[in-house]
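[1] structural data only, the sequence is not supplied:
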């Protein structure tokens, strides 16, 4: 019996985040053009599922995207979710918290943006930054990180128990791949707006990031809010893996258009 | 000199909202398939403009869609804006106000959802409901409606003066076209979820709606927030007209990617 693609990429206690893994392409057909066509087909199937999610107006879906700078979070939004009717999807990009947000607990701004009934929300970065960058720079210590894993697991379980399907993706690129993508931004003046010198600062903490990512992911992987570690050096393979996992998840929800209304049988509009 | 498509559909003091106008197709090539291809091309051009809006992270764009039930507001979102990267667009569908919203002024929930820098927001229904359904059912009198036109003009001028480009569309269908579309929903059990018996109640006030629509549109058409009256019996022509007007407007904003950063010249990422 074939393993589902979800199982294939689900984080386990044995998972390691190593540069060589970032280049793997287990789902690839070996033909990039063919893989791109497959991604487009999957994206359309996701759009069909989403139309039923929207129509049935009951369940909610939350997709969390995390990864180092240049790991392809924006590209994933466009590649995997670009075919969905804009009316049923909401993408929230979390930046450094504002002064007002900092006066609240770190889940405050997150909770405000969770999906409503029938909605698919995609978080481009998320509450996980509060156990990642904060931990790498020692703004919080290990004990506080552990407390926060607890808060996050509790919060996500509540979301799950109140009708939200949560899925979380770590887009895994290698350090060399990041170098190459940052260099590409530097070399193309049209991409300078995407480049922040601060990214070079964060890059210096690469190894620490890999460590705290693995720790956070393993501590917050639950059956109600699973983590998937996606080899993401290849953009096409990244989209292929994520689109498959999203589609499997939506199909698993057994979404359907609402039943016919008996009172409408034979009605003539005048 | 050719009239711009914006000028062609802009409401004037002479505009009448009459059933026969809803069927006009002045932009059509006469070949529906060709027109659909044109819409798709325009949608991709809108996506390109939107990418620059997002990158330059300065201006904001607000599109308001209004029209009777079944006039094609949802179809417009998907047809005209379906190619835009979901990260840069936000669609807000306004329903009957909640008890909390009713405790505030009617612009409160609107103001919360206006676009931020770099964002394109589409309102599927809007604050205009507060001078339409309310007026048709005499929940407010003519004097109050007039006061509200003033509030709305003031509010939209403020948005405009603080960097938001506002454009407003009335999707104009005929009474017979609505009948046919409602009947189609009744006859297709898969579309029953879109059908609300209340729609038949509202349909009884068709003539009153046409009257208050025209009044509201003429009273709130301004150079900073123009109204366009779109013949919408033909879905393809509706998308053709709206896509052209949106694209003309975005092109008129002279959007561009941010300039290169001099400090990045020659930088080597290590």
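    That came through, no problem. Every value quoted in this text rests on a predicted model; they were computed, and no experiment measured them.
[2] close to chain B: what parts of the stretch 51-200 of chain A are there?
    Taking Cβ under 8 Å from any Cβ of the partner chain as the contact definition, the stretch 51-200 of chain A meets chain B at A:55-57, A:74, A:77-78, A:81-87, A:89-91, A:93, A:122, A:124, A:179, A:182-183, A:186, A:189-190, A:192-195, A:197, A:200. (C-beta placed from N, C-alpha, C; glycine too.)
[3] my read is residue A:165 is in a strand, agree?
    Yes - counting by DSSP: H, G, I helix; E, B strand; the rest coil, residue A:165 is found in a strand.
[4] find me the pLDDT at it, would you?
    pLDDT, residue A:165: 98.
[5] now swap in the one 5 residues further on and tell me
    pLDDT recorded at residue A:170 is 98.
[6] before we move on, what about residue A:2?
    Here the pLDDT value assigned to residue A:2 is 58.
[7] among the residues of the stretch 51-200 of chain A next to chain B, which lie within helices?
    Judged by DSSP state H, these include A:55, A:56, A:74, A:77, A:78, A:81, A:179, A:182, A:183, A:186, A:197, A:200 as members of helices.
[8] for residue A:68, see how far away residue A:207 is.
    12 Å (Cβ to Cβ, to the nearest Å).
[9] returning to what we had before: list only buried entries from the ones in helices among the residues of the stretch 51-200 of chain A next to chain B.
    A:55, A:56, A:74, A:77, A:78, A:81, A:179, A:182, A:186 (16 or more other Cβ atoms under 10 Å in any protein chain shown).
[10] if I read this right, the fourth one contacts residue B:88, doesn't it?
    No - under the contact definition of Cβ atoms under 8 Å, residue A:77 does not touch residue B:88, with a separation of 9.6 Å.
[11] using CSV, please lay out the ones in helices among the residues of the stretch 51-200 of chain A next to chain B together with pLDDT.
    Shown next, in CSV, are those (pLDDT from 0 to 100):
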residue, pLDDT
A:55, 95
A:56, 94
A:74, 96
A:77, 97
A:78, 95
A:81, 97
A:179, 97
A:182, 96
A:183, 96
A:186, 95
A:197, 89
A:200, 94
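[12] give the contact list for the nearest residue to residue A:175 once chain neighbours are set aside.
    Closest residue to residue A:175 apart from its sequence neighbours, by Cβ to Cβ, 6 or more residues apart in numbering or on different chains: residue A:206 at 5.2 Å. Contacts for residue A:206 (Cβ atoms under 8 Å, 6 or more residues apart in numbering or on different chains) come out as A:68, A:175, A:178.
[13] repeat that with 10 Å
    Residue A:206 is in contact with A:19, A:68, A:136, A:174, A:175, A:178, A:179, counting by Cβ atoms under 10 Å, 6 or more residues apart in numbering or on different chains.
[14] count the residues that sit near residue A:137.
    A count of nearby residues for residue A:137, using other Cβ atoms under 10 Å in any protein chain shown, gives 11.
[15] tell me the phi and psi of it?
    phi -90, psi 10 (degrees, to the nearest 10).
[16] correct me, but it touches residue A:204?
    No - under the criterion of Cβ atoms under 10 Å, residue A:137 makes no contact with residue A:204, lying 11.1 Å away.
[17] please flag which of the contacts of residue A:206 sit within helices.
    A:136, A:175, A:178, A:179.
[18] filter these down to the buried ones.
    Applying 16+ other Cβ under 10 Å to the ones in helices among the contacts of residue A:206, the neighbour count classes A:136, A:178, A:179 as buried.
[19] my guess is the last one meets residue A:199, correct?
    Right, the one you point to is residue A:179. No - counting by Cβ under 10 Å, residue A:179 sits too far from residue A:199 to count as a contact (11.1 Å).
[20] and for the two, which residues touch both?
    In the contact map built from Cβ under 10 Å, 6+ apart, the residues linked to both residue A:179 and residue A:199 are A:70, B:269.
[21] mind giving me the packing neighbours of the least confident helix or strand in chain A by mean pLDDT?
    For chain A, the helix or strand with the lowest mean confidence is helix A:197-203, at a mean of 93 (criterion: mean pLDDT, DSSP states H and E). Applying 3 or more Cβ pairs under 10 Å, 6 or more residues apart in numbering or on different chains; DSSP states H and E, one finds that helix A:197-203 contacts helix A:175-187, helix A:206-219.
[22] between residue A:77 and residue B:88, which contacts overlap?
    The contact lists of residue A:77 and residue B:88 share A:91, A:93, where a contact means Cβ under 10 Å, 6+ apart.
[23] what's around residue A:80, how many residues?
    By the measure other Cβ under 10 Å, the count of residues near residue A:80 is 28.
[24] shouldn't it be in contact with residue A:236?
    No - look at residue A:80 against residue A:236 with Cβ under 10 Å: they stay out of range, at 11.5 Å.
[25] identify the contacts common to those two.
    The contact sets of residue A:80 and residue A:236 overlap at residue A:39 (Cβ under 10 Å, 6+ apart).
[26] closest approach to chain B from the stretch 101-250 of chain A, which residue is it?
    residue A:189 (3.3 Å; Cβ to the nearest Cβ).
[27] for stretch A:203-221, buried residues please.
    For stretch A:203-221, the neighbour count (16+ other Cβ under 10 Å) marks A:203, A:206, A:209-210, A:212-217, A:219-221 as buried.
[28] do stretch A:168-180 as well
    Under the neighbour-count criterion of 16+ other Cβ under 10 Å, stretch A:168-180 has A:168, A:169, A:170, A:171, A:172, A:173, A:174, A:177, A:178, A:179 buried.
[29] so what strands line up beside the helix or strand hosting the second one?
    Here residue A:169 is covered by strand A:164-172, with elements defined by DSSP states H and E. Paired strands of strand A:164-172, with direction, are strand A:60-67 (parallel), strand A:227-231 (parallel) (DSSP bridges).
[30] the inter-axis angle of it versus helix A:73-81?
    Orientation of strand A:164-172 against helix A:73-81 (axes from the mean of the first three to the mean of the last three Cα atoms, to 10 degrees) gives an angle of 130 degrees.
[31] taking helix A:206-219 as reference, get the angle to strand A:164-172.
    Using the same axes, to 10 degrees: strand A:164-172 against helix A:206-219 is 150 degrees.
[32] can you redo the strands paired with strand A:164-172 as a markdown table with mean neighbour count?
    Converted to a markdown table, the strands paired with strand A:164-172 look like this (neighbours: other Cβ atoms under 10 Å in any protein chain shown):
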| stretch | mean neighbour count |
| --- | --- |
| strand A:60-67 | 23 |
| strand A:227-231 | 23 |
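[33] looking at those strands, spot the one closest to residue B:253.
    strand A:60-67 (29.6 Å; Cβ to Cβ).
[34] so, low pLDDT: which residues of the stretch 51-200 of chain A?
    Applying pLDDT under 70 to the stretch 51-200 of chain A flags no residue at all.
[35] list the buried residues of stretch A:82-93.
    For stretch A:82-93, the neighbour count (16+ other Cβ under 10 Å) marks A:82, A:83, A:84, A:85, A:86, A:87, A:88, A:89, A:90, A:91, A:92 as buried.
[36] sort out for me which of those residues are in strands.
    If you go by DSSP state E, the buried residues of stretch A:82-93 have A:89, A:90, A:91, A:92 in strands.
[37] show me the contacts for the residue nearest to residue A:29 when sequence neighbours are not counted.
    In this structure, residue A:29 finds its nearest non-sequential neighbour in residue A:35, 5.7 Å apart by Cβ to Cβ, 6+ apart. Residue A:35 makes contact with A:25, A:27, A:28, A:29, A:234, A:236, A:237, A:239, A:240 under the criterion Cβ under 10 Å, 6+ apart.
[38] so which strand or helix has residue A:35?
    According to DSSP H and E, residue A:35 maps onto helix A:32-56.
[39] off-centre distance for that helix?
    Relative to the centre of its chain, helix A:32-56 is centred 16 Å away, using Cα atoms, centre = their mean, to the nearest Å.
[40] if you drop the residues flanking it in sequence, what lies closest to residue A:11?
    Leaving out its chain neighbours, the residue that sits closest to residue A:11 by Cβ to Cβ, 6+ apart is residue A:227, at 4.4 Å.
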